[in-house]
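> got a predicted structure here, sequence first:
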Amino acid sequence: METAMQAFLEIVIKGMVQHPDAVRITANERRGETVFEVHVHPIDMGRLVGRRGNTINAIRTLLSAGAAHKGQRCSVELMDEREPGMDFRG
């Protein structure tokens, strides 16, 4: 289950970002739910989030639907790789 969901996330996210080699996805179990922590290059964070969070919410919806079909629960968390005080705009 985790392998298929994680593979799905990797394919989708790597296809969207400018730095696919920087994508890392780790799976953790929390209270009976698989939480996928997604790490991307800081420049790609906005692309992955999308306007008003629409892109990441769509990814979350697809992942949850696939997991529910298998009787599982999972979620996605975007991990901010920026160092405090760093400005990655531009």
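Noted; the coordinates are in hand.

> kindly export the helix or strand harbouring Val76 (C-alpha atoms) in PDB.
For Val76, the host element (DSSP states H and E) is strand 74-79. What follows is strand 74-79, C-alpha atoms only, in PDB (Å, rounded to 0.1, in the frame of the first residue of the first chain):
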ATOM      1  CA  CYS A  74      -3.100   8.700   4.400                       C
ATOM      2  CA  SER A  75      -2.200  12.300   4.100                       C
ATOM      3  CA  VAL A  76       0.500  14.600   2.700                       C
ATOM      4  CA  GLU A  77       2.600  17.200   4.500                       C
ATOM      5  CA  LEU A  78       4.800  19.600   2.700                       C
ATOM      6  CA  MET A  79       8.000  20.200   4.600                       C
END
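
> give the burial count for the nearest residue to Lys14 once chain neighbours are set aside, as a bare number.
Take Lys14 and drop its neighbours on the chain: the residue closest to it by CB to CB, 6 or more residues apart in numbering is Pro20, 4.0 Å away. In this view, the C-beta of every residue, glycine as well, is placed from N, C-alpha and C. Residues near Pro20, counting by other CB atoms under 10 Å, number 14.
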